[in-house]
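1. sequence and predicted model, in that order:
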Amino acid sequence: MFVLDNFIAAIARILVIALNIYMWIIIVRALISWVSPSPYNPIVRFLYRVTEPVLRPVRRILPLQGLGIDFSPVVVILVILLLIDFVIPTLFYYVQRLLVP
């Protein structure tokens, strides 16, 4: 069980890091969208390629299309924060429960 406990704890830490990095990528994409960047810039293309698969379904669900403001990054960031504040502590709690017989 010791190996399983360490594995789950390591996965939880990796998830926290990955979610934080992805949250910052979404923030950078939202900030870049305010300045009308060149679509041929490789950084802009990378940001759009990485974030669009997550933002597109949120845009379809949100009924705020006519306002001219894209709230999908805010929704995705809130979901990421929910995952970090709820799912990751749950994994750590599960690991602690496995350690105590």
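-> Thanks, I have the structure now.
2. the biggest helix by length in the chain: how far from the chain's middle?
-> Looking across the chain with DSSP state H, the single longest helix is helix 2-33. Helix 2-33 has its average C-alpha position 7 Å from the chain's average C-alpha position, going by C-alpha atoms, centre = their mean, to the nearest Å.
3. I'd like the next helix or strand past that helix.
-> Read in the C-terminal direction, the helix or strand following helix 2-33 is helix 42-61, with elements assigned using DSSP states H and E.
4. residues contacting that next one, please?
-> 22, 25-26, 28-29, 32, 37-39, 65, 70, 72-73, 75-76 (C-beta atoms under 8 Å, 6 or more residues apart in numbering). Backbone N, C-alpha and C define where each C-beta goes, glycine included.
5. list the buried residues in the longest helix of the chain.
-> Buried residues in helix 2-33, defined by neighbour count with 16 or more other C-beta atoms under 10 Å: 9, 12, 16, 19, 22-23, 26, 29-30.
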